[in-house]
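**Student:** The following comprises the amino acid sequence and a computationally predicted model.
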Amino acid sequence: MLNLYYGTNDPMQPLLNELQNRTAQTMLGGGPKKIDDQHRKGKLTARERIDYLTDDTSPLVEIGLLAGEGLYEEHGGCPSGGVVVVIGYVSGRQCVIVANDATVKAGAWFPITAKKNLRAQEIAMENRLPIIYLVDSAGVYLPLQNEVFADKEHFGRTFRNNAHLSAMGVLQVAAVMGSCVAGGAYLPIMSDEALIVEGTGSIFLAGPYLVKASIGEDVDAETLGGAVTHTDISGVIDNRYPDDKSCLDAIKRILDKTGRSETAGFDRAEPILPSKDPTEIYQILPADRVKPYDMREIIVRLVDASEFDEYKPGYGQSLLCGNARIDGWAVGIVANQRKVVKAKGRTGPGVSDRSIGAPASEMQMGGVIYGDAADKAARFIMNCNQKRIPLVFLQDVSGFMVGSRAEQGGIIKDGAKMVSAMANSVVPKFTVVIGNSYGAGNYAMCGKAYDPRLMLAWPTAQMAVMSGASAAKTLVQIQVASLKAKGEVITPEAEQALQTKITDQYNAQLSPYYAASRLWVDAVIDPLQTRQILSEGITAANHAPINKPFSVGVIQT
């Protein structure tokens, strides 16, 4: 796995410690006893299988490590969603690997498990990466079947994606290394290659107990759906292997002989480390979320040689746009500027600045998108599409500017222009939430709803419609007004208690771990992992040629 880096006496240190602790705990899956149970059965755990399968020293990017955290506590929890998903290398080929974690409820599918599996298949489809399924699952978790079974984004969508991946020519390899039951039995059989481990692997539409209950037949699991049955009799499985490692070795040989496809042709030069020390990011990001800082100082510690060619630096200064390289890959960067800057524009009697909605004597607030910035970003995004340059969005955004001046200046029109250009982008997009990610600012800066190839968050990230303080004030005002309308009297003490309760509840939902547990972000990462993860994301995206022309449709100008 990618290493985490920690400094000493950094303001971010407590947040990094929390990330490290959560990561270590989650990686234990169902816990040491369940891991020992796997070993006693002669099986590797999901993470051990991935470690053995993937190339030594090659980078691994884990998707959804913290999925399911805090969910399903009444059911005993579901660490990592009961499935491990990584982007890694097998025989030199970048792949998506999906491994059921049988230490978590025997690998049963919870609602978040289904969502995470679909995310893995989405990554494979978007980037045309081979996908490997290491199957060891008891099937749908029956107490929550109503949240897993019937809807469009539920369990059945997996097999629809199997069919689409096959039609796209994306290689799918499945290894049945444990249970594979009921509807889940279709997944390996809809893959291009299906393997099974003798003695531990089994696959059937209905297990022995259900067969007995349904048709009265007494049959053991091995006769019903074991390795010999499905390789020598039914022909359902291609090959069987005596143990986990020999089966994983066979997958390595399959990938080793798979042909190469054309690429998107994104430009990559020899990687150069940033000339400015990336660990200084820890001091640059202030502990106080409203304190301004210069986003340029973050960017130059992420990009090659610390070189950032800025686009229209004097215009629309609440957004930074420019070109750089990340681990050699050419990228276009769109980043929120938290530094407070002097507004520019014509002033005088009857004259307003349409772009920013404020006279030149006023200051632009950090983290707010003004009209001129949205206009600049839209143009920059179009240029990157024209030149086939992947886009990286660095979010620390409070939203768009509001107020009468902004509205009269056409802020909605400028914002819509930026959203349209971003949403219709055909080059791959990558999003990193560094700080705030509030309201429409989340949308314009390529939030999850706009299909970033990877959506990452630093431990300093917060995501919501608005900040906790603003939301609490708004909700308290609404509730107090409602009580007064009913003739009830609320004391200042009661009002303060209500505000504290709402603020605490809202702040808990702002946490990057709240977002990660629900797969609103793919990963919460140490800032020093950003370069390598983005590089791996662009490497993956380069496997998928761009065949769609860029068009923004109708835009108000």
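**Tutor:** Here it is on my side, so go on. Numbers count the residues shown, from 1 in each chain.
**Student:** gap between residue 437 and residue 160?
**Tutor:** Distance of residue 437 to residue 160, computed by CB to CB, to the nearest Å: 31 Å. C-beta coordinates here come from the backbone N, C-alpha and C atoms, glycine included.
**Student:** which of these two has more neighbours?
**Tutor:** residue 437 (29 against 13; other CB atoms under 10 Å).
**Student:** Isn't the more buried one up against residue 446?
**Tutor:** No - taking contacts as CB atoms under 8 Å, residue 437 lies outside contact range of residue 446: 10.4 Å.
**Student:** tell me the mean pLDDT for the host helix or strand of residue 228?
**Tutor:** Taking DSSP states H and E as the definition, residue 228 sits inside helix 227-228. For helix 227-228, mean pLDDT rounds to 93.
**Student:** So which bits of the helix or strand that that helix is followed by are buried?
**Tutor:** Later in the chain than helix 227-228, the nearest helix or strand by DSSP H and E is strand 239-241. Of the residues in strand 239-241, 240-241 count as buried by neighbour count, 16 or more other CB atoms under 10 Å.
**Student:** Can you name every helix or strand that strand 239-241 contacts?
**Tutor:** Other elements packing on strand 239-241 under the criterion 3 or more CB pairs under 8 Å, 6 or more residues apart in numbering; DSSP states H and E are strand 193-197, helix 244-256.
**Student:** Same list, the ones you listed, but as CSV with distance to residue 291 and mean neighbour count please.
**Tutor:** Converted to CSV, the helices and strands packed on strand 239-241 look like this (distance: least, CB to CB, whole Å; neighbours: other CB atoms under 10 Å):
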stretch, distance to residue 291, mean neighbour count
strand 193-197, 54, 25
helix 244-256, 49, 18
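**Student:** Switch the ones you listed over to CSV; also include mean pLDDT and distance to residue 547.
**Tutor:** Shown next, in CSV, are these (pLDDT from 0 to 100; distance: least, CB to CB, whole Å):
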stretch, mean pLDDT, distance to residue 547
strand 193-197, 96, 27
helix 244-256, 98, 25
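**Student:** possible to save the ones you listed as JSON lines with distance to residue 313?
**Tutor:** Shown next, in JSON lines, are these (distance: least, CB to CB, whole Å):
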{"stretch": "strand 193-197", "distance to residue 313": "52"}
{"stretch": "helix 244-256", "distance to residue 313": "46"}
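**Student:** do you know which of the ones you listed lies nearest residue 93?
**Tutor:** With CB to CB as the criterion, residue 93 lies closest to helix 244-256 of these, at 4.8 Å.
**Student:** helix or strand right after that closest one?
**Tutor:** Using DSSP H and E, the helix or strand that directly follows helix 244-256 along the chain is helix 281-284.
**Student:** Average pLDDT for that next one, rounded please.
**Tutor:** Helix 281-284 carries an average pLDDT of 94.
**Student:** and if you look at stretch 311-329?
**Tutor:** What stretch 311-329 shows for mean pLDDT is 96.
**Student:** Give me the buried positions along that stretch.
**Tutor:** The neighbour-count check on stretch 311-329 (16+ other CB under 10 Å) flags 311-312, 316-327, 329 as buried.
**Student:** now, which of the residues you listed lie within strands?
**Tutor:** Mapping these onto strands (DSSP state E) picks out 319-326, 329.
**Student:** for those residues, which one is nearest residue 303?
**Tutor:** For these, the nearest to residue 303 is residue 324 (3.8 Å; CB to CB).
**Student:** How much space separates the residue nearest to that closest one when sequence neighbours are not counted from residue 515?
**Tutor:** Leaving out its chain neighbours, the residue that sits closest to residue 324 by CB to CB, 6 or more residues apart in numbering is residue 303, at 3.8 Å. According to CB to CB, residue 303 stands 26 Å off from residue 515.
**Student:** Equivalent analysis for residue 369, please.
**Tutor:** Look at residue 369 and residue 515: by CB to CB, they are 21 Å apart.
**Student:** Next: residue 184.
**Tutor:** Per CB to CB, residue 184 is found 28 Å from residue 515.
**Student:** can you check residue 321 too?
**Tutor:** Applying CB to CB, the value for residue 321 to residue 515 is 26 Å.
**Student:** Next, the buried residues of stretch 169-179.
**Tutor:** Counting neighbours by 16+ other CB under 10 Å, one finds that the buried residues in stretch 169-179 are 170-179.
**Student:** Sounds good, over and out.
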